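# need a 3D model of the sequence below.
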Amino acid sequence: MNNKILAEHIFLAGVDSVIPGKLINEKMAIENDCLIIGTLHFSLKQINNIYVIGAGKASAMMAAAVERILGSRISDGYIVVKYRHSCKLKYIKVTEAGHPFPDSNGYESAKSILKIANRVKQNDLVLCLISGGGSALLPDCPEGSSPEEMNIVNNLLINCGASIHEINTVRKHLSMIKGGQLARAFYPGTLVNLILSDVIGDSPDVIASGPATPDPTTFGQALSILGKYDLLDSIPEAILKYLHEGETGIRPETPKPGDPVFEKIFNLLVGTNRIALEACKEKAVKLKFNTFIIDDKLQGDASVVAEFLLKTSLKYKNDKKVTKPVCLLFGGEPTLEMTGKGLGGRNQHLALLCSLLLMNYPGITILTAGTDGTDGPTDAAGAVVDSETVHDALAKNIDPGKYLKEFDSYNFFKKAGGHIITGPTMTNVMDIVVVLIC
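Next up is the predicted model:
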């Protein structure tokens, strides 16, 4: 078995470890009319209604696990997921919507969840299932603007090279759901967030734009981010006006730490990139690799990350004190500023960059892929490369430099080979990079 196949097996072991059903079952159970969620205990006799809401690529599978535990105790529920990420639910309605670019289904889903909020009373329990993609899947627009104008803002943010933290800071201040405002809507009910993290640092206020967690960011910071990426002149007038009104205090800020609406809010992190990396390590060790988890906070522009991966790989390859073969593991989420019109995603683009760097360094294999099974608007999770990737492509008259310039990594790997295709995994804990060194 060659290292490309072994790298894929290691990656898939990480994905399998963060499947939502497994994670929910580890955190939730019913014992003697008591609902146990992590360290929390709720007497079912004292709860009038249980509502289940959620948004994100993994939320439907999370909801399916909740249904298996709670069954008919669920009074109502509404989940919104990315297209092709739904599953059959009995007590909870599930809708598919656009991601990463919001569509009308997403806007309608946001309204439906807020309708449930209007029914919640003091003795009700709300389970909020949040996973990666939740921010785009629960879109709304500020007063005086339209969904079309909000979509322009989302497109600009996604393609400008901003980090997910920066993107969500802007989104929070153009919403009545994000940035803790869902907690405000569901008050005075008790709300438990079950969170599958897809952000570096696993901060609940960033995941899905923190709909039920205090927001430390401000309107001023949102405007600064738009200025940082030279977007202020491209933002629709109504959106920009709303942000300026927020900065001057005409519009209310998002709820901050200490706000009473958070008194009955509980956040429980059920899955992270680190959990997946530990499972990757366990698999790699079984495959007889000397294994190291290097970083679970990999971030920055893909070109910078590619250089870092090569530098780190060469360090371990050239160190005679390190027993070979070696497996290096990284997790996180690089960024990509699109300047071409091709098809791809950050993982495929990163892999293509790595293939060019590896041309003269045999014995190093690099796989980079998204745990959700999709990379950008494609059906690939990512790609795997080594020193032969570019040489083999050139032998087939495939010019990698052309595809790199056009940001067309998907079509490069479609022709040259190397794609990692898993289909939707129904989970999402950012990206995993597997480096094998012999």
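# give the contact list for Ala208.
Contact analysis of Ala208 by CB atoms under 8 Å, 6 or more residues apart in numbering lists 55-56, 130-135, 138, 178. To be clear about C-beta, it is placed using only N, CA and C from the backbone, and glycine gets the same treatment.
# repeat the analysis, applying 10 Å as the threshold.
54-56, 59, 128, 130-138, 168, 171, 177-178, 182, 193, 195-199 (CB atoms under 10 Å, 6 or more residues apart in numbering).
# what about those residues, which are in strands?
Residues of the contacts of Ala208 located in strands (DSSP state E): 54-55, 128, 130, 193, 195-196.
# and those residues, which of them are buried?
54-55, 128, 130, 193, 195-196 (16 or more other CB atoms under 10 Å).
# ok, these vs Lys45, which is closest?
Lys45 lies nearest to Cys128 out of these, by CB to CB, at 22.5 Å.
# so which of the ones in strands among the contacts of Ala208 comes closest to Leu394?
Leu196 (41.0 Å).
# wait, which of the buried ones among the ones in strands among the contacts of Ala208 is closest to Pro147?
Using CB to CB, Ala55 comes nearest to Pro147 of those, at 16.5 Å.
# does anything pack onto the longest helix seen in the chain? Which helices or strands?
When the chain is parsed with DSSP state H, its longest helix is helix 302-318. On a contact count with 3 or more CB pairs under 10 Å, 6 or more residues apart in numbering; DSSP states H and E, helix 302-318 meets strand 290-298, strand 326-332, helix 346-357, strand 364-370, strand 431-437.
# can you do 6 Å?
helix 346-357, strand 431-437 (3 or more CB pairs under 6 Å, 6 or more residues apart in numbering; DSSP states H and E).
# what's the mean pLDDT across it?
Averaged across helix 302-318, pLDDT comes to 98.
# what of stretch 159-166?
Here the average pLDDT along stretch 159-166 is 88.
# which residue of the chain lies farthest from its centroid?
Going by CA atoms, centre = their mean, the residue of the chain most distant from its centre is Lys320, 37.8 Å out.
# gap between that residue and Leu336?
Between Lys320 and Leu336 the distance is 36 Å, computed by CB to CB, to the nearest Å.
# before we move on, what about Cys354?
Applying CB to CB to Cys354 and Leu336 gives a distance of 14 Å.
# do the same with Asp124
42 Å.
# and these two? which has more neighbours close in?
Leu336 (22 against 18; other CB atoms under 10 Å).
# let me know the pLDDT of the more buried one.
88.
# these two touch, right, it and Ala302?
Yes. If you go by CB atoms under 6 Å, Leu336 and Ala302 touch, sitting 5.1 Å apart.
# mutual contacts of the two, please.
Contact with both Leu336 and Ala302 is made by residues 346, 349, according to CB atoms under 6 Å, 6 or more residues apart in numbering.
# other SSEs contacting whatever helix or strand Phe412 lives in?
Element membership for Phe412 (DSSP states H and E) is helix 409-416. If contacts are counted by 3+ CB pairs under 6 Å, 6+ apart, helix 409-416 sits against helix 346-357.
# rounded mean pLDDT for the helix it packs on, please.
On average, helix 346-357 scores 98.
# what's the angle between it and strand 290-298?
If you take axes from the mean of the first three to the mean of the last three CA atoms, to 10 degrees, helix 346-357 sits at 120 degrees to strand 290-298.
# tell me how far helix 346-357 lies from the chain's centre.
20 Å (CA atoms, centre = their mean, to the nearest Å).
# over to stretch 301-320?
25 Å.
# dump that stretch to PDB, restricted to CA.
This file holds the C-alpha atoms of stretch 301-320, laid out as PDB (Å, rounded to 0.1, in the frame of the first residue of the first chain):
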ATOM      1  CA  ASP A 301      -2.900  32.300   3.400                       C
ATOM      2  CA  ALA A 302      -2.600  29.000   1.600                       C
ATOM      3  CA  SER A 303       0.800  30.000   0.000                       C
ATOM      4  CA  VAL A 304       2.200  30.700   3.500                       C
ATOM      5  CA  VAL A 305       0.800  27.400   4.900                       C
ATOM      6  CA  ALA A 306       2.300  25.500   2.000                       C
ATOM      7  CA  GLU A 307       5.800  26.900   2.700                       C
ATOM      8  CA  PHE A 308       5.300  26.000   6.400                       C
ATOM      9  CA  LEU A 309       4.300  22.500   5.600                       C
ATOM     10  CA  LEU A 310       7.400  22.000   3.400                       C
ATOM     11  CA  LYS A 311       9.800  23.500   5.900                       C
ATOM     12  CA  THR A 312       8.400  21.400   8.800                       C
ATOM     13  CA  SER A 313       8.500  18.200   6.600                       C
ATOM     14  CA  LEU A 314      12.100  18.800   5.600                       C
ATOM     15  CA  LYS A 315      13.000  19.400   9.300                       C
ATOM     16  CA  TYR A 316      11.700  15.900  10.300                       C
ATOM     17  CA  LYS A 317      13.000  14.200   7.100                       C
ATOM     18  CA  ASN A 318      16.500  15.500   7.600                       C
ATOM     19  CA  ASP A 319      16.700  14.900  11.300                       C
ATOM     20  CA  LYS A 320      18.600  11.600  11.700                       C
END
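# secondary structure element holding the closest residue to His9 other than its chain neighbours?
Of all residues not flanking His9 in the chain, Lys283 sits nearest, at 6.6 Å (CB to CB, 6 or more residues apart in numbering). Using DSSP H and E, Lys283 falls within helix 273-286.
# buried ones in that helix?
273, 275-281, 283-284.
# need these in a markdown table (columns: distance to Lys341 and pLDDT).
As requested, the buried residues of helix 273-286 are exported to a markdown table (distance: CB to CB, whole Å; pLDDT from 0 to 100):
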| residue | distance to Lys341 | pLDDT |
| --- | --- | --- |
| Asn273 | 31 | 97 |
| Ile275 | 37 | 97 |
| Ala276 | 33 | 98 |
| Leu277 | 34 | 98 |
| Glu278 | 39 | 98 |
| Ala279 | 37 | 98 |
| Cys280 | 34 | 98 |
| Lys281 | 39 | 98 |
| Lys283 | 38 | 98 |
| Ala284 | 38 | 98 |
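# could the residues you listed be laid out in CSV, adding distance to Ala380?
Supplementary listing: those in CSV, determined by distance: CB to CB, whole Å:
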residue, distance to Ala380
Asn273, 20
Ile275, 24
Ala276, 18
Leu277, 21
Glu278, 25
Ala279, 22
Cys280, 19
Lys281, 24
Lys283, 21
Ala284, 23
